[in-house]
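**Q** only the shape, not the letters, is given here:
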């Protein structure tokens with residue numbers, strides 16, 4: 001398994017499956033932009049928790 005695949009598996013397991021959204025900062029840059037639709041964007045890994 002590649003390093004990238006291992007990181008994605010850890011993210012899915014630790015953050016999504018275990019709902020440890022406070023731990024998202026271990027996997028994301030502080031200035032990450034999450035685009036949910038063309039009008040809805042959240043900025044920063046803290047916004048990921050919402």
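**A** Nice, thanks for sending it over. Nothing here was measured: the structure is a model prediction, and the numbers come from that model.

**Q** show me what counts as buried in stretch 18-31.
**A** By neighbour count with 16 or more other C-beta atoms under 10 Å, stretch 18-31 contains the buried residues 24-25. Any C-beta I mention is one placed from the backbone N, CA and C, and that applies to glycine too.

**Q** ends of it, how far apart?
**A** Across stretch 18-31, the terminal residues are separated by 24 Å (C-alpha to C-alpha, to the nearest Å).

**Q** make sure residue 16 is indeed in a helix.
**A** Yes: membership of residue 16 in a helix is supported by DSSP: H, G, I helix; E, B strand; the rest coil.

**Q** so how far is residue 8 from it?
**A** 11 Å (C-beta to C-beta, to the nearest Å).

**Q** how about residue 22?
**A** Residue 22 is 19 Å from residue 8, where distance means C-beta to C-beta.

**Q** now do residue 31
**A** 20 Å.

**Q** tally of neighbours for residue 15?
**A** Using other C-beta atoms under 10 Å, residue 15 has 20 neighbouring residues.

**Q** quick one: pLDDT of it?
**A** pLDDT, residue 15: 89.

**Q** which residues touch it?
**A** Contact analysis of residue 15 by C-beta atoms under 8 Å, 6 or more residues apart in numbering lists 21, 23-24, 27.

**Q** so can I have a markdown table of those showing distance to residue 4, secondary structure and pLDDT?
**A** Shown next, in a markdown table, are the contacts of residue 15 (distance: C-beta to C-beta, whole Å; DSSP: H, G, I helix; E, B strand; the rest coil; pLDDT from 0 to 100):
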| residue | distance to residue 4 | secondary structure | pLDDT |
| --- | --- | --- | --- |
| 21 | 22 | helix | 84 |
| 23 | 19 | helix | 87 |
| 24 | 17 | helix | 84 |
| 27 | 12 | coil | 87 |
